[in-house]
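J.: Show me how the following folds:
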Amino acid sequence: MHRFTDIESTSKRLPPVYSYLTHQLVSLSKALEPIFSTIDQLDRFSKIAKNGCHFPSEHGLTRDESAAIYLYTMEWGEDSFHRVINRALRAEDRSSIKPWFAYLKLFDVALQKLPTVRKNLWCGVPRDITTNFKKGDEFTWWTINSCSTSDNIVKDLLGPNSTLFLIEAKNGKDISSYANCPNEVILCPGTRFRVVSDPIDQSPMHLIHLQEITDEDEEEESLSTALKTVITTPTLTTVQSSPVHIHTDQWGNRYEGEMKDGIEHGKGHMEYTNGDKYTGIYVEGNITGQGVYIFANGNRYEGQWKDNKKHGKGQMDFVSGEKYTGDYIDNKRIGQGVYIYANGNRYEGLWNHNKMHGKGQMTFVNGDKYTGDWIEDKRAGQGVYTFANGSRHEGQWKDNILHGTGNMPYANSAVKEEMCIIQ
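T.: Down below sits the predicted model:
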């Protein structure tokens, strides 16, 4: 997986490339014809790619498009496909890229059908290149850049005194289903970066924190627009950020993100020893603000926090299939909210201390519906129960039972008034 470490160590200003932009889309075998003489046994490897690629594709890729990605990810030494194409892409003689235009067109069309990744990515170089990067630098990488969403995958490829890149990506393309390696994301040629902070020593490696920068009017750049950036004057988005730190506490919890005075402060990601994970905002060491918390048992909460507790608007998804969307106060469901049960029943209304309490409506999966008062998860007070067949029970309820005199209009409009004690 040397493509994760095939990274440019210095920034280059390269002249523009024109002809690719209007190149015809052709089959993989046709696209490779101009470069057959460049790579030994390319015909054999391309057939392996077509036979081994991910097809049919849930993203709508043709077999040729899927094979174009698979061929890029194949490794067979110094003349592996990704090594040769990246040598051409970083060459100062731009004419060396032209034989690759047909393949690049096919590759780009394939990538644009795949999910866009906006998250932290990792890649690296097996040597110390930190002197080439300082805070505020802006530069362009001209190669196809393979990154991983897992820092451990990249670290395993690097030795001591290596350089690890942490990249805040906006336009990565997830090729995990089409590659030989899980968690693989592509950054297209022409992707631009800003160095967020001066390099950090994280023994035995060095860490460089990069942030992808894009034109304000085009968040999702294709390969073709990226190659055009050399002949346009980009308008860059100014982003303020703090250095990223990696810290493991005395209990083994691992934090990666912004810090202030030695504690978590700003954007960060925490992995707890019990299997829980949190990604979001910290204030002075506490989870406060917007964030996502994934529990070890699979439950997931996304929403607002205050002092390490769910507080404000949020959504909890349970592994059982149940879901709550609404207000939280001090880690409890308090206020207005919607709860969908695993059996399909749905409650919308007021909550107090995790219980239905106040005005609310329960819609049952069988078509029945209750609208009225609730006290501690039970129908209590004034309410109307409407059956799926159209008949209704309306009156005073206590402990889920209709008490006293109630009106019971039926579907045929006959109305019956009597003393009711109905479950």
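J.: Quick check: phi and psi at residue 5.
T.: For residue 5, the backbone dihedrals (degrees, to the nearest 10) come out as phi -120, psi 10.
J.: Return the residues in contact with it.
T.: Listed by CB atoms under 8 Å, 6 or more residues apart in numbering, the contact set of residue 5 reads 123-126, 154, 157-158. Yep, even glycine has a C-beta here, placed from its N, CA and C like the rest.
J.: cool, and residue 43?
T.: 32, 36.
J.: Could you double-check that residue 120 lies in contact with residue 167?
T.: Yes: if you go by CB atoms under 8 Å, residue 120 and residue 167 touch, sitting 6.9 Å apart.
J.: Compare those two and say which is more crowded by neighbours.
T.: Set residue 120 next to residue 167 and count neighbours by other CB atoms under 10 Å: residue 167 wins out with 24 against 19.
J.: Give me the secondary structure label for residue 333.
T.: strand (DSSP: H, G, I helix; E, B strand; the rest coil).
J.: Is it bridged to anything, and to what?
T.: residue 328 (DSSP bridges).
J.: Could you work out the end-to-end span of stretch 147-159 for me?
T.: End-to-end distance of stretch 147-159: 17 Å, with CA to CA, to the nearest Å as the criterion.
J.: what stretches of the stretch 251-400 of the chain score poorly on pLDDT?
T.: Under the criterion pLDDT under 70, no range of the stretch 251-400 of the chain is flagged.
J.: Recalculate using a threshold of 90.
T.: Counting by pLDDT under 90, the stretch 251-400 of the chain contains low-confidence ranges at 251-253, 256-262, 266-268, 273, 280, 393, 397.
J.: Show me where the stretch 251-400 of the chain has its helices.
T.: With DSSP state H, counting those that start in this stretch as the criterion, the stretch 251-400 of the chain has no helices.
J.: which residues of it fall in strands?
T.: Taking DSSP state E, counting those that start in this stretch, the strands of the stretch 251-400 of the chain run over residues 254-260, 263-271, 277-283, 286-294, 300-306, 309-317, 323-329, 332-340, 346-352, 355-363, 369-375, 378-386, 392-398.
J.: Tell me the strands beside the fourth one, with direction?
T.: It refers to strand 286-294. Assessed with DSSP bridges, strand 286-294 is paired to strand 277-283 (antiparallel), strand 300-306 (antiparallel).
J.: and if you look at the second one?
T.: Listed by DSSP bridges, the sheet partners of strand 263-271 and their directions read strand 254-260 (antiparallel), strand 277-283 (antiparallel).
J.: Counting neighbours, which bits of the first one end up buried?
T.: For strand 254-260, the buried set under the neighbour-count rule, 16 or more other CB atoms under 10 Å, comprises 255-259.
J.: on that earlier part again, ok, of the contacts of residue 5, which one's closest to residue 87?
T.: For the contacts of residue 5, the minimum distance to residue 87 (CB to CB) is 15.8 Å, reached by residue 125.
J.: Quick one: residues contacting the closest one.
T.: 5, 7, 9, 158, 162-163, 165.
J.: And residue 72, by the same measure?
T.: Counting by CB under 8 Å, 6+ apart, residue 72 has contacts 3, 81-82, 85, 107, 144.
J.: now do residue 106
T.: 25-26, 28, 31, 64-65, 68.
J.: Let's have the strands paired with strand 286-294 in TSV, adding mean neighbour count.
T.: Below are those laid out as TSV (neighbours: other CB atoms under 10 Å):
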stretch	mean neighbour count
strand 277-283	20
strand 300-306	19
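J.: how about a markdown table for these, with distance to residue 89 added?
T.: Formatted as a markdown table, the strands paired with strand 286-294 follow (distance: least, CB to CB, whole Å):
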| stretch | distance to residue 89 |
| --- | --- |
| strand 277-283 | 33 |
| strand 300-306 | 39 |
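J.: could you dump the strands of the stretch 251-400 of the chain to JSON lines with distance to residue 35?
T.: JSON lines is the format used below for these (distance: least, CB to CB, whole Å):
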{"stretch": "strand 254-260", "distance to residue 35": "40"}
{"stretch": "strand 263-271", "distance to residue 35": "41"}
{"stretch": "strand 277-283", "distance to residue 35": "42"}
{"stretch": "strand 286-294", "distance to residue 35": "44"}
{"stretch": "strand 300-306", "distance to residue 35": "46"}
{"stretch": "strand 309-317", "distance to residue 35": "48"}
{"stretch": "strand 323-329", "distance to residue 35": "52"}
{"stretch": "strand 332-340", "distance to residue 35": "55"}
{"stretch": "strand 346-352", "distance to residue 35": "58"}
{"stretch": "strand 355-363", "distance to residue 35": "62"}
{"stretch": "strand 369-375", "distance to residue 35": "67"}
{"stretch": "strand 378-386", "distance to residue 35": "71"}
{"stretch": "strand 392-398", "distance to residue 35": "75"}
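J.: how long is stretch 136-156 end to end?
T.: 29 Å.
J.: Make 875 the starting number, not 1.
T.: In the new numbering, first residue 875, that becomes stretch 1010-1030.
J.: Would you list the buried entries among the contacts of residue 879?
T.: 997-999, 1028, 1031-1032.
J.: Among these, name the ones in strands.
T.: 997-999 (DSSP state E).
J.: Go through those residues and say which is closest to residue 1208.
T.: Distances from residue 1208 to these, taken by CB to CB, are shortest for residue 997, at 45.2 Å.
J.: What's the per-residue pLDDT of that closest one here?
T.: For residue 997, the model assigns a pLDDT of 92.
J.: what's near enough to touch it?
T.: So residue 997 contacts 878-879, 881, 1019-1022, 1028, 1039, 1041 (CB under 8 Å, 6+ apart).
J.: The same query, at a cut-off of 6 Å, please.
T.: 878, 881, 1021, 1028, 1039 (CB atoms under 6 Å, 6 or more residues apart in numbering).
J.: Just say helix, strand or coil for the first one.
T.: Secondary structure, three-state DSSP: residue 878 is helix.
J.: List the buried residues of stretch 1027-1036.
T.: Buried residues in stretch 1027-1036 (16+ other CB under 10 Å): 1027-1029, 1031-1032, 1036.
J.: now the ones in strands among the buried ones among the contacts of residue 879 in TSV, with distance to residue 1260?
T.: Shown next, in TSV, are these (distance: CB to CB, whole Å):
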residue	distance to residue 1260
997	60
998	63
999	68
